[in-house]
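Chemist: A predicted structure for the sequence below; I have some questions about it.
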Amino acid sequence: MIMVQPLRRRLGFLTMVSLLFAVMALVLGPMPNSAAEPGWWTPTARPMPDSQINVTGEPFKGTDAQGRVRGFVDAHDHIMANEGFGGRLICGKPFSEQGVADALKDCPEHYPDGTLAIFDFITKGGDGRHDPNGWPTFKDWPAHDSLTHQQNYYAWIERAWRGGQRVLVNDLVTNGVICSVYFFKDRGCDEMTAIRLEAQKSYDMQAFIDKMYGGPGKGWFRIVTDSAQARQVIEQGKLAVVLGVETSEPFGCKQILNVAQCSQADIDRGLDELYNLGVRSMFLCHKFDNALCGVRFDQGVLGTAINVGQFLSTGTFWQTETCRGPQQDNPIGNAASTAEKLLPAGVTVPSYASGAQCNTRGLTDLGEYAVRGMIKRKMMLEIDHMSVKAAGRALDLLESQSYSGIISSHSWMDAGWTERLYKLGGFVSQYMNGSEAFSAEAGSTAALREKYGVGYGYGTDMNGVGGWPGPRGADTPNPVKYPFRSTDGGSVIDKQTAGERTWDFNTDGAPHYGMVPDWIEDIRIVGGQKVVDDLFAGAESYLRTWGNTERHRAGTNLASGAAASASTSQWWNPFVSFAPGRAVDGDNGTRWASEWSNDQWLRIDLGSTNLIKRVTLDWEEAYGKSYRVELSADGTNWQTAWSTNSGDGGLDTARFAGTPARYVRMQGLERGTQWGYSLREVGVYSD
């Protein structure tokens with residue numbers, strides 16, 4: 001704990017480090033129930049005192065005429081973030097047996113006037129001073145631009161559920177670097193320890209709500225571990241809560257000086273542990289490059305500061321290259337930052353070329369192992385925060401296995417991947433922007449949603465230290481008018497009140513989770529009913545992605561161990577073989593390599609005739625720019641099943657109408673490099 005000193009000396013001490021952990025954190029928005037008559041949705045008792053809900057009417061149950069569930073999806077929230085980052089970054093907790101007055105307490109160091117609210121004044125600006133008292137006045141917090149106070153009080157989540165939300169993804173979150181540099185903490189900074197605690201607290205919150213409704217299983221807040229269970233919960237009119245993970249060093253998979261600090265065994269143990277905790281979706285990297293993947297950069301002053309944090313954590317700065325395709329990471333730029341003063345003497349942040357803005361670091365071998373491990377466990381991969389190079393390879397892997405378990409939950413994926421994600425059967429949500437910006441972004445992808453018949457989601461990222469929609473003003477010509485009806489039409493929603501404070505979306509924006517229904521009404525007013533209809537179809541679409549993930553069955557690779565021949569094979573030395581069989585030996589560490597000319601081929605004899613629908617080709621750096629996948633029943637007469645003139649390496653998946661064949665051939669036409677053709681593995685499948 002730091003010593004309390006005169007304010008001038010204390011602020012001088014903090015200047016050097018304040019910006020760094022602030023912007024790093026930005027990586028990372030008796031009280032009766034208001035229902036007129038009691039019903040199954042009304043608890044028999046609440047803790048005292050408590051917040052009001054201010055929604056009347058029975059929550060809708062069942063499915064529509066086509067048997068589809070209804071409701072909104074928040075695919076990215078952080079209910080238990082107060083337990084991460086050392087326990088003192090987010091002030092307050094989402095529930096307490098002693099009620100709202102105990103739950104929504106400010107951090108101890110914020111009393112009496114916020115003078116020591118270091119993280120608050122860095123992230124919000126000003127001097128950080130504020131009224132630390134929550135209940136009953138809530139004078140200064142929660143607020144849409146106050147990033148350090150609890151926004152996920154259970155009664156506010158209840159209001160969102162009553163307003164039509166039916167799926168909530170609770171991402172367990174922390175960051176060891178932020179924890180280590182922040183002055184105030186109650187516990188250690190190990191990320192997996194924090195994740196375990198947040199998972200336990202999530203189950204504790206479920207039990208807390210159950211108790212109000214008469215016992216286990218009776219509350220509206222239901223943690224679910226499979227899509228069928230989620231459907232059942234939603235059909236009962238309740239909220240299905242899915243556990244996810246968003247952290248920078250999952251399983252301890254940090255990299256220091258480009259050396260991984262974890263192993264395949266660590267990944268297996270970590271995935272098994274998370275699965276047993278109930279986690280069903282997760283990020284593999286977040287803000288800092290780790291042993292699994294490179295990240296999509298932040299930019300400007302923020303990018304420079306996070307890059308400094310990357311160096312202090314890993315010993316390496318971000319490295320960039322010219323992007324290979326239309327997708328791009330954010331440009332880092334060369335903006336100066338006070339955070340640079342934290343670097344050791346003689347160390348400076350590199351300068352970056354404006355035309356080179358893609359991370360050189362993609363999905364590592366350990367990262368590929370983790371993706372394949374998630375596929376085996378039927379978990380959903382969160383692609384946001386992955387570098388373009390990492391995201392592209394992850395998509396390659398999922399496509400090669402026809403695996404639909406991919407989520408973009410809060411607008412941190414290059415929009416150019418959207419159709420590719422939808423083709424796989426994945427799900428997309430947008431960050432909780434203001435209604436104008438949200439509606440515009442939703443409109444830009446509306447045609448794709450219609451094409452693929454999918455709904456839409458939002459990612460509130462509450463407690464994620466990101467900022468949330470501000471007010472449009474009391475004088476806006478098209479305000480939210482209270483009370484208003486929920487999207488399904490069955491509930492009436494009035495202004496939300498807690499203690500002496502009543503929030504109005506027009507003048508307060510979205511300071512806490514209870515304002516989600518008000519924000520959706522604002523979207524209806526600004527963006528139109530079509531945007532809201534897409535959002536209301538989100539629950540069905542999300543569960544469809546999850547269900548297809550669970551039903552996935554790994555296909556049998558007919559080429560595994562098959563006889564292989566080639567036009568040529570490169571010779572290196574007597575101890576290294578690039579023979580054709582290396583491309584079908586099941587080992588990604590070996591490969592077939594041809595001589596250095598365009599007209600080359602690799603042929604695989606499956607031993608008998610099979611129905612073939614899919615061929616995967618995992619290229620080494622020497623790839624085919626133009627080539628054909630050909631099939632034959634007799635090894636003499638060939639027909640083209642698939643071809644490309646724009647190959648870019650990586651893992652290609654060729655899909656075509658089912659064709660009986662015994663022989664499969666890759667016929668190279670034009671090389672993508674000065675070298676020959678080189679394939680790590682070829683897969684042949686009947687599904």
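Modeler: Looks like it arrived, so ask away.
Chemist: only C-alpha atoms for contact and neighbour calcs from this point on.
Modeler: Fine.
Chemist: tell me which helix or strand comes right after the helix or strand bottoming out on mean pLDDT in the chain.
Modeler: Within the chain, no helix or strand scores below helix 7-25, which has a mean of 40 by mean pLDDT, DSSP states H and E. Using DSSP states H and E, the helix or strand that follows helix 7-25 in sequence is strand 55-56.
Chemist: quickly run through the sheet partners of that next one, with directions.
Modeler: Strand pairing for strand 55-56, using DSSP bridges, gives strand 492-493 (antiparallel).
Chemist: the partner strand: how far from the chain's middle?
Modeler: 31 Å (Cα atoms, centre = their mean, to the nearest Å).
Chemist: what is the mean pLDDT for it?
Modeler: Averaged across strand 492-493, the pLDDT comes to 98.
Chemist: and what of stretch 517-531?
Modeler: 98.
Chemist: now what about that stretch, what contacts it?
Modeler: 159-160, 163-164, 435-436, 438-440, 442-443, 478-480, 486, 493, 505, 509-510, 532 (Cα atoms under 8 Å, 6 or more residues apart in numbering).
Chemist: pLDDT below threshold where in the stretch 201-350 of the chain?
Modeler: The model of the stretch 201-350 of the chain has no residue with pLDDT under 70.
Chemist: all strands for it, in order.
Modeler: 221-223, 239-247, 255-256, 259-260, 279-283, 320-321 (DSSP state E, counting those that start in this stretch).
Chemist: which parts of the stretch 351-500 of the chain are strands?
Modeler: Under DSSP E, counting those that start in this stretch, the stretch 351-500 of the chain gives strands at 358-359, 380-382, 406-408, 427-431, 457-459, 484-485, 492-493, 496-498.
Chemist: chain center to the longest one, what's the gap?
Modeler: Put plainly, it is strand 427-431. Distance, centroid of strand 427-431 to centroid of chain: 9 Å (Cα atoms, centre = their mean).
Chemist: mind listing what the residue found closest to Gly62 once you drop the neighbours it is linked to in the chain touches?
Modeler: Residue nearest to Gly62 in three dimensions, not counting chain neighbours: Glu235, with 4.1 Å by Cα to Cα, 6 or more residues apart in numbering. Applying Cα under 8 Å, 6+ apart to Glu235 gives the contacts 61-63, 69.
Chemist: distance to Ile604, secondary structure and neighbour count added to the residues you listed, as CSV?
Modeler: Below are these laid out as CSV (distance: Cα to Cα, whole Å; DSSP: H, G, I helix; E, B strand; the rest coil; neighbours: other Cα atoms under 10 Å):
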residue, distance to Ile604, secondary structure, neighbour count
Lys61, 55, coil, 14
Gly62, 52, coil, 16
Thr63, 50, coil, 17
Val69, 47, coil, 24
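Chemist: which one of these is nearest to His286?
Modeler: Nearest to His286 out of those is Val69 (Cα to Cα; 32.1 Å).
Chemist: for the residue lying closest to that closest one once chain neighbours are set aside, give its distance to Trp156.
Modeler: Residue nearest to Val69 in three dimensions, not counting chain neighbours: Thr63, with 4.6 Å by Cα to Cα, 6+ apart. In this view, Thr63 and Trp156 are 25 Å apart by Cα to Cα, to the nearest Å.
Chemist: and what of Tyr542?
Modeler: 23 Å.
Chemist: between those two, who's got more neighbours?
Modeler: Tyr542 (25 against 22; other Cα atoms under 10 Å).
Chemist: which stretches in the stretch 51-200 of the chain count as helices?
Modeler: 100-103, 118-124, 154-162, 176-181, 191-212 (DSSP state H, counting those that start in this stretch).
Chemist: chain center to the fourth one: distance?
Modeler: The gap between the average C-alpha position of helix 176-181 and the chain average comes to 21 Å, counting by Cα atoms, centre = their mean.
Chemist: so what secondary structure elements neighbour it?
Modeler: Taking 3 or more Cα pairs under 8 Å, 6 or more residues apart in numbering; DSSP states H and E as contact, the helices and strands that helix 176-181 lies on are helix 7-25.
Chemist: tell me the pLDDT at the residue nearest the centre of the chain?
Modeler: Centroid-nearest residue in the chain: Glu382, 4.1 Å away (criterion: Cα atoms, centre = their mean). For Glu382, the model assigns a pLDDT of 98.
Chemist: pLDDT below threshold where in this protein?
Modeler: 1-37, 121-125.
Chemist: ok, then the element right after the longest strand along it?
Modeler: Secondary structure of the chain per DSSP state E: the longest strand is strand 651-671. On the C-terminal side of strand 651-671, the closest following helix or strand by DSSP H and E is strand 678-685.
Chemist: residues touching Arg582, list them.
Modeler: So Arg582 contacts 590-592, 680-681 (Cα under 8 Å, 6+ apart).
Chemist: would you mind measuring from the nearest residue to it once chain neighbours are set aside to Thr497?
Modeler: Distances taken as Cα to Cα, 6+ apart put Arg591 closest to Arg582, at 4.9 Å, once the chain neighbours are dropped. From Arg591 across to Thr497, the span is 65 Å (Cα to Cα).
Chemist: kindly report the same for Lys341.
Modeler: Distance from Lys341 to Thr497, counting by Cα to Cα: 45 Å.
Chemist: ok, Ile90 next?
Modeler: Ile90 is 22 Å from Thr497, where distance means Cα to Cα.
Chemist: same question for Leu651.
Modeler: Applying Cα to Cα to Leu651 and Thr497 gives a distance of 54 Å.
Chemist: ditto for Ser569
Modeler: 75 Å.
Chemist: picking up where we left off before, so between Leu651 and Thr497, which is more surrounded?
Modeler: Leu651 (25 against 16).
Chemist: in contact with the more buried one, which residues?
Modeler: 393, 396-397, 400, 616-619.
Chemist: skipping its backbone neighbours, what lies nearest it in space?
Modeler: Per Cα to Cα, 6+ apart, closest to Leu651 is Asp618, 4.3 Å.
Chemist: partner residues bridging that neighbour?
Modeler: In beta-bridge terms (that is, DSSP bridges), Asp618 pairs with Leu651, Glu681.
Chemist: just Thr247 next, same as before
Modeler: Under the criterion used (DSSP bridges), Thr247 bridges to Thr174.
Chemist: residues in contact with stretch 389-397?
Modeler: Residues outside stretch 389-397 that contact it (Cα under 8 Å, 6+ apart): 293-295, 358-364, 368, 371, 383, 421, 650-653.
Chemist: just the buried residues of the residues you listed.
Modeler: 293-295, 358-364, 368, 371, 383, 421, 650-653 (16 or more other Cα atoms under 10 Å).
Chemist: stretch 91-111 spans what distance, first to last residue?
Modeler: 12 Å.
Chemist: so what touches that stretch?
Modeler: Residues outside stretch 91-111 that contact it (Cα under 8 Å, 6+ apart): 46-51, 79-80, 82, 88, 90, 116-117, 132-136, 148-154, 205, 208.
Chemist: in that stretch, what's buried?
Modeler: 91-96, 99-107, 110-111.
Chemist: show me how far it is from its chain's centre.
Modeler: 28 Å.
Chemist: next: stretch 332-349.
Modeler: 29 Å.
Chemist: what comes up buried for it?
Modeler: So stretch 332-349, judged by 16+ other Cα under 10 Å, has buried residues 332-334, 337, 339-340, 349.
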